[in-house]
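[1] please find the sequence and the predicted model below.
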Amino acid sequence: MQITLELPDSLCEKLRSLPDPSGFMAKILSESFEIKKDSWREFLENIELHAVDTGIADLAENHDEYLYQMLK
């Protein structure tokens with residue numbers, strides 16, 4: 001996979017001075033998107049904080065039909 005980033009010139013100069021700029025960026029990006037071990041547990045414990053009232057009474061029961069627009 002290839003990822004292209006547009007960075008300010010001043011930051012590019014600083015990155016070029018590192019021994020392994022690509023490795024440094026890969027490490028920073030992977031750490032930024034790393035899912036912490038307890039994230040899902042915390043999310044599920046607080047699921048009601050993330051709830052959204054859609055006005056659709058049977059959304060949980062018929063989610064596939066709504067996702068793929070194949071209503072019965």
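    Received it, and whenever you're ready, just let me know what you need.
[2] do you know how far D38 is from L44?
    10 Å (C-beta to C-beta, to the nearest Å). (Each C-beta comes from the backbone N, C-alpha and C, glycine too.)
[3] now P8
    40 Å.
[4] and D58, by the same measure?
    22 Å.
[5] equivalent analysis for L67, please.
    Taken as C-beta to C-beta, the span from L67 to L44 is 21 Å.
[6] how about D9?
    Distance, D9 to L44, by C-beta to C-beta: 44 Å.
[7] could you do A57 as well?
    23 Å.
[8] got the contact list for stretch 10-19?
    The contact list for stretch 10-19 (C-beta atoms under 8 Å, 6 or more residues apart in numbering) reads 7, 21, 24-25.
[9] and the residues you listed, which two are furthest apart?
    L7 and F24 (12.4 Å; C-beta to C-beta).
[10] from memory Y66 sits against A60, does it?
    No - using C-beta atoms under 8 Å, Y66 is not in contact with A60; the gap is 10.1 Å.
[11] E65: neighbouring residues, count only.
    Applying other C-beta atoms under 10 Å, we find 13 residues neighbouring E65.
[12] biggest helix in the chain by residues?
    As assigned by DSSP state H, the longest helix anywhere in the chain is helix 21-32.
[13] tell me what the following helix or strand past that helix is packed against?
    As assigned by DSSP states H and E, the chain's next helix or strand after helix 21-32 is helix 39-45. Judged by 3 or more C-beta pairs under 8 Å, 6 or more residues apart in numbering; DSSP states H and E, helix 39-45 has no packing partners among the helices and strands.
[14] average pLDDT for helix 39-45?
    The predicted model assigns helix 39-45 a mean pLDDT of 81.
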